[in-house]
Every structure is written in structure tokens, then in C-alpha cells.
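> I would like the atomic coordinates for the input below:
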Amino acid sequence: MLCVRDLYLHYRTSRGAVRAVDGVTFSIQRGKTVAIVGESGSGKSSLARAITRWLPRNVALYSGTVSLEGEDLMKLSDEEFRRRILWKKIAIVPQAAMNSLNPVIRVVDQVIEPLIIDGNINKKKAVKLAIELFKYVGLPVDFLYRYPFELSGGMRQRVCTVMALISNPSILILDEPTSALDVLTQANIMNLLKKLKKDRNLTYIFITHDIALASELADWVGIMYAGQLVEFSKAERFYSEAKHPYANLLLSSVPRLRKESSLKSIAGSPPSLIEPPPGCRFHPRCPYATDRCRTEEPPYVELGNSEYVRCWLYG
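Coordinates of the predicted model:
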């Protein structure tokens, strides 16, 4: 349904270009969930911005191919992309969604705004649709007429989900949808996302730093490190047999319920995206690094069934 090929998004700064997204490639089937997992600063949110064209003014490089159902979206003008694609086919629940609501505008006016702006539906019908979605996500209807500061964090997260769903998109990008929420609210949001996926056959790109949380929703897992996807695999194989050393160390840092295992940490810190190390970007922290890893960038190594890993251990 969605194919991303050699996608680049670099930001211009006084110190040099920040290589936030540096040659990312993956694809996703209709009704499936791809979880993009990585440390803070690895480029996950920038990947979401690159797909949806939520670009800042200091873009130094933006190129690649983003195809939706066979149509190359990169060839569309900004106006055509906004009018035909954004919110209607691809919607996003941004990071820190709880703070994305305007505190001085009632919730109902913010929820129905996309429908009113496009002029495809009158306000009465738009409010009726908002009421139906509020009931669906488990929010009291009267909360529509409150201000955002009157809602709890979990409620505001659901409101932002409703705002993304109001135009009935087929792909939903979720950027850290459970961050800053308590464990119980986090579980409720995850159950809601599972329900939406089942009832509406939604396709998700689920961005998170929590590799354990990703397992609840993911059909595919993409591991992002220093602006690159270093492994892209089916979830059922990834959680039992991750290939990339970084992916293995991430899994080793999470407690297991069904088997005993010693927890491991990852030495060092993520590299600068302005001056990433030569060769494999993980080699300064990798316990298996060789001289080749330090000088040559690893290629995409196909694992079959659209899976791949970028590591000289398999190249």
C-alpha cells in the first residue's frame, strides 16, 4: 500500500546538515502495522515528517520516493498533496499530541476543522460525525464542548486520535502515542488502537522507543539508528531472532516474562547526525565491529520476504 524508497531528509544548521533521515527504505501492506523503533534522536519523528511533508523551513535535502497505492506522492505539488492526501489518505497523531490542542478553542471546533475547511460537509453533519467517533473511542459526548485543559492526558490523546480519524484516512501515523501517559492509560490507548485496526482495517506506522510496547501492535518491525533503518523484519521473526547487533542489544535490555535472561545495556551514546562515523554508524558501540565496519557502509542484505538487514555480519 505504501512504499518508501531511498528517502532523505536533512536539516540545515549553523554547524552543518543534520542527516535525520538518510536513505530509508521500507514498504507496508494494507491493514498491517509497521513499528519504527529506536532511541531518541534516531530520526523516527523526522521520518513521519518526511512522509507527511510536515517540513520545517531549514530543509537542506528532501528526496526519495514515497508511493501510495502506486502513485508517487513526491511528484505532487504541496497544494495538491494537502488537498488530496494529507488527512484524507494519510493522517498523523503527532508526538506530544496532548499538547497539540489549542487551549482557547473548544474541542469540537478543533475536531471538525478539516471537514469545514474543505467544504465537503456542513457543520451540523460534521458535529454528528464527531459525536459518533467520540462514542467509538469511549469519550463522553459532552467533552466535545469543553476546552482541552479540562481533559486528562488520556482523554486528550483520544481527542487527537479522533482528529486524525475524522476524514477517514487509510493510513495512520502514530508518533509516540503513549508517551507521558501512566501505565493504565497507556494500556487503554493500545486497546483502542487494536480495536481501530480490526474494525476499520487501518494501516499503522507506529513510532516508539519502547520495543516491548511495539510487540503488542506490530506486524513488521523497523529498527532505526542514526537516521537509517538497520533492520526491517516481520515481527514474529524479529522478536525470536533479531539479526542486527543493535536490535539484539535492544531486545536484551527488556525483561522477559517466559524465560530467564540477563539484562544488558548498550555502551556509549548515539552518534551525531551532523558528523556520523564512517562505515557502519553503529560500529563504535558494536561488540562485533571489524575493520571493514569502521570504513565501509554496509549494504542492504535481503533476508527474503521483503526483510533486510544492514550489517557486514551478513554481507
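> which residues touch the longest helix seen in the chain?
Determined from DSSP state H, the single longest helix within the chain is helix 183-200. Residues outside helix 183-200 that contact it (C-beta atoms under 8 Å, 6 or more residues apart in numbering) are 31, 33, 137-138, 152-154, 157-158, 161, 165, 172, 174, 177-178, 181, 202, 204, 206, 213, 216-217. Where C-beta positions appear, they are placed from N, C-alpha and C, glycine not excepted.
> What subset of these is buried?
For these, a burial check counting by 16 or more other C-beta atoms under 10 Å picks out 33, 137, 154, 157-158, 161, 165, 172, 174, 177-178, 181, 202, 204, 206, 213, 216-217.
> For whichever helix or strand comes after the longest helix of the chain, name the packing helices and strands.
Once helix 183-200 ends, the next helix or strand along the chain (criterion: DSSP states H and E) is strand 203-208. Secondary-structure packing of strand 203-208 (3 or more C-beta pairs under 8 Å, 6 or more residues apart in numbering; DSSP states H and E): strand 33-37, helix 44-52, strand 171-175, helix 183-200.
> Out of the ones you listed, which gets nearest to residue 271?
Evaluated over the helices and strands packed on strand 203-208, closeness to residue 271 peaks at helix 44-52, with 15.4 Å, by C-beta to C-beta.
> quick one: buried residues of stretch 248-268?
248-251, 266.
> for stretch 124-135, same thing?
For stretch 124-135, using 16+ other C-beta under 10 Å, the buried residues are 126-127, 129-130, 133-134.
> Might you list the low-confidence residue ranges for this protein?
97-98, 119, 180, 257-259 (pLDDT under 70).
> Centre-most residue in it?
In the chain, the centroid-proximal residue (C-alpha atoms, centre = their mean) is residue 207; its distance is 3.1 Å.
> partner residues bridging that residue?
Beta bridges link residue 207 to residue 36, residue 175, judged by DSSP bridges.
> tell me the contacts of it?
35-36, 44-45, 47-48, 95, 173-176.
> let's go with 10 Å and repeat that
By C-beta atoms under 10 Å, 6 or more residues apart in numbering, residue 207 lies in contact with 34-38, 44-45, 47-48, 92-93, 95, 173-177, 214, 222, 224.
> about what we covered before: out of the helices and strands packed on strand 203-208, which is closest to residue 8?
Across the helices and strands packed on strand 203-208, residue 8 has its closest neighbour in helix 44-52 (8.0 Å, C-beta to C-beta).
> and the angle for the closest one with strand 33-37?
For helix 44-52 against strand 33-37, the angle by axes from the mean of the first three to the mean of the last three C-alpha atoms, to 10 degrees is 140 degrees.
> and the helix or strand that helix 44-52 is followed by with strand 171-175, angle?
Using DSSP H and E, the helix or strand that follows helix 44-52 in sequence is strand 59-68. If you take the same axes, to 10 degrees, strand 59-68 sits at 140 degrees to strand 171-175.
> Report the strands that pair with strand 59-68, each with its relative direction.
For strand 59-68, pairing defined by DSSP bridges yields strand 2-13 (antiparallel), strand 71-72 (antiparallel).
> before we move on, back to that, can you redo the buried residues of stretch 248-268 as TSV with distance to residue 104 and secondary structure?
Formatted as TSV, the buried residues of stretch 248-268 follow (distance: C-beta to C-beta, whole Å; DSSP: H, G, I helix; E, B strand; the rest coil):
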residue	distance to residue 104	secondary structure
248	48	helix
249	46	helix
250	41	helix
251	45	helix
266	43	coil
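> Could you identify the most distant pair in the residues you listed?
So, the buried residues of stretch 248-268 by C-beta to C-beta: farthest apart are 251 and 266, at 11.1 Å.
> Could I get the full set of strands for the stretch 101-250 of the chain?
With DSSP state E, counting those that start in this stretch, the ranges of strands along the stretch 101-250 of the chain come out as 171-175, 203-208, 220-225, 228-234.
> and the ones you listed as a markdown table, adding distance to residue 55?
Shown next, in a markdown table, are the strands of the stretch 101-250 of the chain (distance: least, C-beta to C-beta, whole Å):
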| stretch | distance to residue 55 |
| --- | --- |
| strand 171-175 | 15 |
| strand 203-208 | 17 |
| strand 220-225 | 19 |
| strand 228-234 | 20 |
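> hmm, back to that, any idea of the angle the longest helix of the chain forms with strand 203-208?
160 degrees.
> Fine by me, we can end here.
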